[in-house]
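Visitor: can you look at this prediction? I've put the sequence above it.
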Amino acid sequence: MKFSKFGQKFTQPTGISQLMDDLGDALKSDKPVNMLGGGNPARIEAVNDLFLETYQALGNDGSFREDINSTATTSMANYSNPQGDAAFIEALVGFFNRHYDWNLTVDKIALTNGSQNAFFYLFNLFGGAFSDEKSKSVDKSILLPLTPEYIGYSDVHIEGQHFTAVLPHIDEVTHDGEAGFFKYRVDFDALENLPALKEGRIGAICCSRPTNPTGNVLTDEEMARLAEIAKRYDVPLIIDNAYGMPFPNIIYSDVTLNWDDNTILCFSLSKIGLPGVRTGIIVAAPEVIAAVSAMNAVVNLSPTRFGASIATPLVKNDAIKDLSDNEIKPFYQQQAKTAVTLLKKELGDYPLVIHKPEGAIFFWLWFKDLPITTLELYDILKEKGTLIVPSQYFFPGVDVSDYQHAHECIRMSIAADEDTLAKGIAVIGEVVRKLYDEAK
């Protein structure tokens, strides 16, 4: 059977498809697996209890029945319009206007079936073939000002890959008074001298904050400078807020969240503990929301209403923020402390450097001068029942063949329970120690 170019692109092996396949195989395995590779959030009892309570209330108020006499704000028996569930959008407008001075209106928010769906739309809206004033075709890229970046970005373009990326400054830093940590920073000199930017071949600038995979948090100064550059070159600044403020707020730095009509903010219900409901949120100028809504109509008819139904009351009464601030964020802060302790115990005398934990649900581990690539390390660890993600998949827009650093890091989830985390780190420690020892 022959597929089109579109079909061939999406059926070829990719980093994200390998990751999801391996996670699925691990869940079906009859052998224990230390799941340190995926992006699934932790199971936090207080979080699950609140969602269960809300879910049960939906069944009681008629949300799952088509009933003209129901007092429910949404009905599972009806489609929403392509923009998304109106009650949830109105609740989000109220929430953001309570907590931020943005003066949002309902025409500035759209829903999608998860943030991956949102980035498929946005990257194809702003990256790819454009027509200039003379009707000539211009190929534009999405500019990633700091790599490594999210593995799921790499393959969402309908045709080819349209990324331009900037490698980071790497600074040695301390964390809680300890050495053995580093932090990525935006190389603005390299960024501002990019030919693609100066020649009008950039369609949008995009960053995640906190960054998946590293847990890096761009400073307010870095964000302000990126916003200024985006306005200067008349392109939008897209911010992936899947792990950031105000929910799930897995962010430990003292930073602020800003929005204006040239900024596109993307949120998700996944990392508050609802990955299965596939609900993404886009806050943007009305013309962007109109475009996303039109794409929703073609691709999905309308976004799912299930996640919106659960989240609406939690947004209205600020329970989603309280949950993020008082349960989710402290949980991951403690997990980060535990992971640092375990890693220092296993590899404290070896060339391991940890990216400073500033947020998200991952650790980014750099094994300096590792005798093998971390793609090879991934295969060894998988055979030993421990899943991580090798670093080479996190550099869209970069030729990593001559960039050694891109083959020396791994992403490790800290969302697992403490026993799994300890066992997984012990396996990583055992394998990596052996590799270094045998290379002496």
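Guide: On my side now, so go ahead. Residues are numbered from 1 along each chain as shown.

Visitor: from Ala285, how far out is Ala91?
Guide: Noted for Ala91: a distance of 21 Å to Ala285, by Cβ to Cβ, to the nearest Å. (Each C-beta comes from the backbone N, C-alpha and C, glycine too.)

Visitor: which one of these two has more residues nearby?
Guide: The neighbour count for Ala91 versus Ala285, taken as other Cβ atoms under 10 Å, is higher for Ala91 (22 against 16).

Visitor: give the helix, strand or coil label for the closest residue to the more buried one other than its chain neighbours.
Guide: Nearest residue to Ala91, sequence neighbours excluded (Cβ to Cβ, 6 or more residues apart in numbering): Val315, at 4.3 Å. With DSSP: H, G, I helix; E, B strand; the rest coil as the basis, the three-state label of Val315 is helix.

Visitor: what segments of this structure are helices?
Guide: Ranges of helices in the chain, per DSSP state H, are 5-11, 15-28, 45-61, 86-99, 115-126, 188-192, 195-198, 220-232, 286-299, 306-316, 319-323, 329-347, 374-383, 418-439.

Visitor: those helices: lowest mean pLDDT?
Guide: Ranked by mean pLDDT, the helices of the chain bottom out at helix 15-28, which scores a mean of 67.

Visitor: my guess is Asn81 contacts Ser302, does it?
Guide: Yes: Asn81 lies in contact with Ser302 (Cβ atoms under 8 Å); the separation is 6.3 Å.

Visitor: who has more neighbours out of those two?
Guide: Counted by other Cβ under 10 Å, Asn81 and Ser302 do not tie: Ser302 has more neighbours, with 18 against 14.

Visitor: these two touch, right, that one and Asn296?
Guide: Yes: assessed by Cβ under 8 Å, Ser302 is found in contact with Asn296 at 6.3 Å.

Visitor: got the CA positions of stretch 259-270 in CSV?
Guide: The C-alpha atoms that make up stretch 259-270 are tabulated as CSV, following Å, rounded to 0.1, in the frame of the first residue of the first chain:
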residue,chain,number,x,y,z
TRP,A,259,0.9,38.3,27.9
ASP,A,260,0.1,40.7,25.1
ASP,A,261,-1.4,40.5,21.6
ASN,A,262,2.0,39.5,20.2
THR,A,263,2.3,36.6,22.7
ILE,A,264,0.7,33.2,22.3
LEU,A,265,0.5,31.3,25.6
CYS,A,266,-0.2,27.6,25.6
PHE,A,267,-1.5,25.7,28.7
SER,A,268,-2.6,22.1,29.4
LEU,A,269,-4.6,20.1,31.9
SER,A,270,-2.1,17.2,31.5
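
Visitor: tell me the contacts of Thr164?
Guide: 141-144, 194, 196-197, 201-202, 397 (Cβ atoms under 8 Å, 6 or more residues apart in numbering).

Visitor: select from these every entry located in strands.
Guide: Among the contacts of Thr164, the members falling in strands (DSSP state E) are 141-144, 202.

Visitor: which one of those residues is nearest Pro32?
Guide: Pro32 has its nearest neighbour among the ones in strands among the contacts of Thr164 in Leu144, at 36.6 Å by Cβ to Cβ.

Visitor: circling back: of all the contacts of Thr164, which two lie farthest apart?
Guide: Leu144 and Arg201 (14.1 Å).

Visitor: surely the residue nearest to Ala91 and Glu90 touch.
Guide: No: under the criterion of Cβ under 8 Å, Val315 makes no contact with Glu90, lying 9.6 Å away.

Visitor: of those two, who's got more company?
Guide: Remark: of Val315 and Glu90, Val315 carries more neighbours, 22 against 16, as counted by other Cβ under 10 Å.

Visitor: list the residues that contact the more buried one.
Guide: Neighbour list for Val315: 88, 91-92, 94-95 [criterion: Cβ under 8 Å, 6+ apart].

Visitor: out of those, which is most surrounded?
Guide: That'd be Phe88 among the contacts of Val315, by other Cβ under 10 Å, with 27 neighbours.

Visitor: how about that residue: what's its closest non-neighbour residue?
Guide: That would be Ala308: by Cβ to Cβ, 6+ apart, it lies 3.6 Å from Phe88.

Visitor: what about the one you found, how many residues close to it?
Guide: Per other Cβ under 10 Å, the neighbour tally for Ala308 reads 26.

Visitor: tell me who's in contact with it.
Guide: Counted by Cβ under 8 Å, 6+ apart, Ala308 has contacts 74, 80, 84-85, 87-88, 111, 279.

Visitor: if we go to 10 Å?
Guide: For Ala308, the contacting residues are 73-74, 80, 84-89, 91-92, 111, 269, 277, 279, 281, 315, by Cβ atoms under 10 Å, 6 or more residues apart in numbering.

Visitor: repeat that for Gly128.
Guide: Contact analysis of Gly128 by Cβ under 10 Å, 6+ apart lists 137-142, 157-160, 162, 203.

Visitor: pLDDT score for it?
Guide: 89.

Visitor: who's His355 bridged to?
Guide: Phe182 (DSSP bridges).

Visitor: and for the one 10 residues further on?
Guide: Taking DSSP bridges, one finds Ile354, Ile410 as the beta-bridge partners of Leu365.

Visitor: and the contacts of Thr164, which is closest to Ala118?
Guide: Distances from Ala118 to those, taken by Cβ to Cβ, are shortest for Ile142, at 13.4 Å.

Visitor: what's the burial count for the closest residue to the closest one other than its chain neighbours?
Guide: Nearest non-adjacent residue to Ile142, counting by Cβ to Cβ, 6+ apart: Gly127, 4.5 Å away. By the other Cβ under 10 Å criterion, the neighbourhood of Gly127 contains 25 residues.

Visitor: cool, Gly7 as well?
Guide: The burial count for Gly7: 11, using other Cβ under 10 Å.

Visitor: surely it touches Glu159?
Guide: No: contact criterion Cβ atoms under 10 Å: Gly7 and Glu159 do not qualify, at 11.7 Å.

Visitor: which residues touch Gly160?
Guide: Per Cβ under 10 Å, 6+ apart, neighbours of Gly160: 5, 9, 127-129, 139.

Visitor: and the furthest pair within those residues?
Guide: Farthest pair in those, by Cβ to Cβ: Lys5 and Gly127, 16.9 Å.

Visitor: and Glu199, how far from Lys140?
Guide: For Glu199 relative to Lys140 (Cβ to Cβ), the value is 10 Å.

Visitor: more crowded one of those two?
Guide: More crowded of Glu199 and Lys140, by other Cβ under 10 Å: Lys140, with 19 against 9.

Visitor: what bridges to the more buried one?
Guide: With DSSP bridges as the rule, Lys140 is bridged to Gly128.

Visitor: residues in contact with Ala294?
Guide: Ala294 neighbours (Cβ under 10 Å, 6+ apart): 82-83, 121.
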